[in-house]
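Visitor: Return a 3D structure for these sequence lines:
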Amino acid sequence: MALIYVVDKDPHVCDTVQIMLESEEWDVQTFDSAEDFFRQFNAIKSDIVITDYHLQGVTGLEIMEKVHAASPEIEVVIITETGDEQTALNTMKAGAYDYIKKPLNIQELRVVVERALHSKKIGDKLSYMYNQQRKMFGFGELIGSSHEMQRVFKIIRMVSESKDTPVVIVGETGTGKELAARSIHANGTRNTEPFVEVNCGAIQENLLESELFGHEQGAFTDARKSKRGLMEVASGGTFFLDEIASMDLSLQVKLLKAIEEKKIRRVGGVKDISIDIRVLAATSRPLEDLIAEGKFREDLYYRLNVISIEMPPLRNRGEDIKLLTHHFIDQFNEEFKYRVTGISDAAEHLLIQHDWPGNVRELRNVIERAVLLKKSGVIDTHHLFLVPSSLGKPAPSDDQEKRSNGVYIPEEGIDLESKETELTRRYIEAALEKTDGNKSQAARLLGISRGSLRYRMEKMINP
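Guide: Next comes the predicted model:
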């Protein structure tokens with residue numbers, strides 16, 4: 001049986017709420033002061049706390065902070081005065097599950113409590129399940145239970161046993177190429193030595209040679225003193241060339257010579273410097289295509305591509321989205337000191353249906369924003385901000401365009417109800433953002449009543 005605590009200075013409110021909720025066979029305990037509440041509050045057994053915002057010497061937000069400090073999984077509902085919209089919004093931003101205005105609407109209270117209990121139940125279940133799965137399906141910072149990721153883990157384990165074997169890691173932006181490289185280093189025999197990386201696409205061509213090999217004093221205008229190159233710094237450890245496809249052809253020749261001879265020469269230098277490194281490289285474009293275009297040297301390709309690891313895009317890893325989502329929730333909880341416990345089924349469905357053009361990096365950003373918005377409890381659909389994308393979907397032909405008035409419907413069809421709900425949600429989010437959360441103004445912008453807006457928001461939260 002669910003245990004619900006009610007804290008309100010008005011005995012009539014306490015009695016009304018208790019009678020209504022106990023009729024649903026919930027265990028309800030009421031208190032007319034914060035002091036009495038905290039004397040009997042049991043974080044282990046409680047599910048929901050419903051508290052008035054204005055109490056003797058303390059606010060509902062302060063009560064919520066203490067409740068969440070004891071148990072972040074407990075959902076808190078705040079009772080506010082009629083017309084105090086800003087206070088209500090502040091409670092939601094601070095982590096309250098929802099708010100109810102006085103005079104209380106019994107039906108509204110019942111709906112809010114039912115949703116909060118469902119949210120608490122989901123949070124408890126997901127927190128346990130995902131923590132167990134992370135232990136089973138993790139490889140360093142890489143996480144995944146999908147067949148594609150298990151294949152990646154297998155290759156990483158294999159190449160980690162070798163001290164010198166070069167590896168090329170291929171994958172779209174945001175798929176975790178750098179994490180794969182770090183995992184190879186961390187699990188290899190060079191893991192006590194440096195891991196040094198350079199992003200070839202982020203450094204100007206005329207400076208990249210100096211970054212790789214170093215330079216001597218006076219080698220060029222700004223070379224006021226000698227500098228060690230990154231390949232020299234990495235000696236003994238692992239050297240990671242990210243976005244190697246961006247490297248100029250002339251510099252590719254010098255890189256190949258350095259790798260084969262295990263020697264470098266600083267820009268402006270006259271002597272060779274021995275290096276002992278394992279070279280890993282990553283690219284978001286297949287090097288075979290670049291060779292065909294004359295933009296990458298074939299001899300360097302064969303020197304580097306002894307072992308290849310293909311990082312799968314997130315859109316092909318639907319079963320991993322749950323694991324990654326909870327991993328990022330835990331990560332941002334620790335970073336921001338918040339208490340988000342999981343994600344609702346409806347929100348999870350949206351994540352799985354998304355195309356993820358930015359892959360794991362995009363998912364990380366989406367969850368970071370959701371945690372910042374929610375702060376505690378369970379993330380729901382209205383906490384997610386997803387950028388629409390057509391990536392991965394076949395482009396419609398001219399004939400298809402004509403037959404569908406420019407609206408492309410794939411062969412397998414679409415879920416019209418979910419598409420409509422998602423589009424409605426985005427318009428509502430935009431209107432609320434434009435009006436700083438003012439529901440009345442947002443409703444006017446959308447051409448609907450405030451009651452209709454609230455109904456649509458509730459439908460999105462609890463479809």
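
Visitor: what separates F239 from E85, distance-wise?
Guide: 58 Å (Cβ to Cβ, to the nearest Å). Every C-beta, even on glycine, is put in place using the N, C-alpha and C of the backbone.

Visitor: The two - which one has more neighbours?
Guide: F239 (26 against 15; other Cβ atoms under 10 Å).

Visitor: Provide a list of residues in contact with the residue lying closest to the more buried one once chain neighbours are set aside.
Guide: Here the nearest residue to F239 in space, its sequence neighbours aside, is I277; by Cβ to Cβ, 6 or more residues apart in numbering that works out to 4.5 Å. Shown in contact with I277 (Cβ atoms under 8 Å, 6 or more residues apart in numbering): M231, A234, S235, G236, G237, T238, F239, K262.

Visitor: In three-state terms, label the first one for me.
Guide: Reduced to three states with DSSP: H, G, I helix; E, B strand; the rest coil, the structure at M231 is helix.

Visitor: Helices along the stretch 301-450 of the chain, start to end?
Guide: Per DSSP state H, counting those that start in this stretch, the stretch 301-450 of the chain carries helices over the ranges 320-336, 345-353, 359-374, 398-403, 416-434, 439-446, 450-461.

Visitor: Minimum distance to T165: which of these has it?
Guide: Nearest to T165 among the helices of the stretch 301-450 of the chain is helix 359-374 (25.5 Å), distances taken as Cβ to Cβ.

Visitor: Now that closest one: average pLDDT?
Guide: In this model, helix 359-374 carries a mean pLDDT of 92.

Visitor: quick one: contacts of that helix?
Guide: With Cβ under 8 Å, 6+ apart as the test, helix 359-374 has contacts from 93, 95, 171-176, 313-314, 321, 324-325, 328-329, 332-333, 336, 338, 340, 343, 351, 356, 358, 379, 383-387.

Visitor: So for L207, what pLDDT did the model give?
Guide: L207 is assigned 89 on the pLDDT scale.

Visitor: Which of the three states applies to it?
Guide: Under three-state DSSP, L207 comes out as helix.

Visitor: picking that back up, show only the entries of the contacts of I277 found in strands.
Guide: Secondary-structure check on these using DSSP state E: residues within strands are T238, F239.

Visitor: What's the PyMOL line that selects buried ones from the contacts of I277?
Guide: Per 16 or more other Cβ atoms under 10 Å, the buried members of these correspond to this PyMOL selection:
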select buried, resi 231+234+235+237+238+239
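
Visitor: now, which of the contacts of I277 sits nearest M457?
Guide: Of the contacts of I277, the one sitting nearest to M457 (Cβ to Cβ) turns out to be T238, at 50.5 Å.

Visitor: Next up, the contacts around the nearest residue to E243 once chain neighbours are set aside.
Guide: Leaving aside its chain neighbours, E243 sits nearest to G201 (3.9 Å; criterion: Cβ to Cβ, 6+ apart). Shown in contact with G201 (Cβ under 8 Å, 6+ apart): D242, E243, A245, S246.

Visitor: and the two most separated of these?
Guide: The distance between the two most remote of the contacts of G201 (Cβ to Cβ) is 10.1 Å, for D242 and A245.

Visitor: Pull up the overlap in contacts between these two.
Guide: Joint contacts of D242 and A245 (Cβ under 8 Å, 6+ apart) are C200, G201.

Visitor: show me where pLDDT drops low in the chain?
Guide: Scanning the chain with the threshold set as pLDDT under 70 gives 82-83, 122-140, 388-423, 451, 455, 458-463.
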